[in-house]
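Visitor: Build the 3D model from these lines:
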Amino acid sequence: MANIRELKKDINYVLGDIIEAVYIVEASNDKQGSKEGSEIIDGAIKTFDELISKVNKKDIENRKEHLKGVRKELEEKARALVDKLNKLP
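Guide: Next up is the predicted model:
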């Protein structure tokens with residue numbers, strides 16, 4: 001059970017940090033509410049919802065492998081969001 005709790009925390013912290021970074025970049029460049037920033041934030045929220053629903057899924061045959069897959073998906077999607085964040089003007 002601790003693994004699931006830690007995975008949920010990781011999902012929350014990673015995606016929350018990405019959203020916070022968007023706000024910081026936008027504030028430092030005087031571009032609050034930019035279209036690109038909003039897209040990144042929307043992507044992070046969508047990813048959060050998808051991953052949490054996958055973690056909460058109960059009818060999984062091999063739960064350990066399923067959670068490893070969710071963690072890998074978190075890494076991939078977070079990396080893609082960070083790449084978009086790095087391209088913000």
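Visitor: Could you count how many residues lie near residue 39?
Guide: 13 (other CB atoms under 10 Å). All C-beta spots, glycine's among them, are computed from the backbone N, C-alpha and C.
Visitor: what about the helix or strand hosting it, average pLDDT?
Guide: Taking DSSP states H and E as the definition, residue 39 sits inside helix 35-55. Helix 35-55 carries an average pLDDT of 95.
Visitor: and residue 15, how far is that from residue 44?
Guide: 5 Å (CB to CB, to the nearest Å).
Visitor: Tally up the residues packed near the nearest residue to residue 57 once chain neighbours are set aside, please.
Guide: Take residue 57 and drop its neighbours on the chain: the residue closest to it by CB to CB, 6 or more residues apart in numbering is residue 66, 7.4 Å away. A count of nearby residues for residue 66, using other CB under 10 Å, gives 14.
Visitor: And the helix or strand residue 66 falls within, what's buried?
Guide: Using DSSP H and E, residue 66 falls within helix 63-86. Judged by neighbour count (16 or more other CB atoms under 10 Å), helix 63-86 contains these buried residues: 67, 70, 71, 74, 77, 78, 81, 84, 85.
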